[in-house]
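In: pasting the sequence and the predicted model now:
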Amino acid sequence: MCKTIFTYVALLFLSTNSVFATHHMSGAHNSATKIEMGKQLYNNNCASCHGANLQGADNWKSLDEDGHRKAPPLNGTGHAWHHSDEQLYQIIKYGLAKFVKNYQGKMMGFGDILSDTEITSVLAYMKSTWPKDILEKNHHMNK
Ligand code: HEC
């Protein structure tokens, strides 16, 4: 009898605990997966210009040999956080040509290469590297 109650209590404890753990982990799991997926997509599609650590091209404030702007950092030290998620999404999907008349630069759209989920994953990865104060400032851009 005593043993049965013990087992019951132990099971109850275990199951409550695991429901919590599963619930808790699925949220974290999703976003961690998304960020990890974004990181791989970033490495394959963006790192060649924006740098392996999102640090931007060397001397990114200067112009390249063609007189075009170089790839800025995407790690929160550049200007990217001034854009809302929607603007960033559109820059990545359509390229700057959609926003800048007669655009001659190198930031092309990835709409033919990346799905919408993949674009938002890359964004999630980018933003996962931003310091808290930058994220807070960026939050206002999203209002
Ligand atoms: C061929 C080089 C190249 C590749 C590849 C590239 N970019 Fe860019 N990107 C640039 C350049 C150059 C700029 C700055 C463009 C300008 O101002 O004319 C830029 C600008 C941006 C901006 C705007 C940043 C700001 O501070 O306003 C974002 C966001 C961005 N890129 C994201 C990405 C993402 C995400 C990928 C991969 C899916 C990517 N880029 C791939 C060259 C590249």
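Out: Happy to help now that I have it.
In: okay, now the spatially closest residue to Met107 that is not a sequence neighbour: neighbour count?
Out: Computed as Cβ to Cβ, 6 or more residues apart in numbering, the closest residue to Met107 that is not its neighbour in sequence is Leu96, at 4.6 Å. C-beta: built from backbone N, CA, C; applies to glycine. Counted with other Cβ atoms under 10 Å, residues neighbouring Leu96 total 16.
In: just checking, Leu96 touches Asn102?
Out: No - in this structure, Leu96 is not within contact of Asn102 by Cβ atoms under 8 Å, at 11.0 Å.
In: how about the residues of the chain by the ligand?
Out: 45-46, 48-50, 69-72, 74, 78-80, 83, 88, 91-92, 96, 105-107, 110, 122 (Cβ under 6 Å from any ligand atom).
In: list buried members of those residues by neighbour count.
Out: Buried positions within these, assessed by neighbour count (16 or more other Cβ atoms under 10 Å), are 45-46, 50, 69-72, 74, 78, 80, 88, 91-92, 96, 105, 107, 110, 122.
In: restricted to helices, list these.
Out: With DSSP state H as the criterion, helices contain Asn45, His50, Leu88, Ile91, Ile92, Val122 from among these.
In: mind checking how far the closest residue to the third one other than its chain neighbours is from Asn75?
Out: When you say that, I think you mean Leu88. In this structure, Leu88 finds its nearest non-sequential neighbour in Leu123, 5.8 Å apart by Cβ to Cβ, 6+ apart. Relative to Asn75, Leu123 is positioned 13 Å away (Cβ to Cβ, to the nearest Å).
In: returning to what we had before: residues in contact with the residue nearest to Leu88?
Out: Leu123 is in contact with Gly38, Asp85, Leu88, Tyr89, Ile92, counting by Cβ atoms under 8 Å, 6 or more residues apart in numbering.
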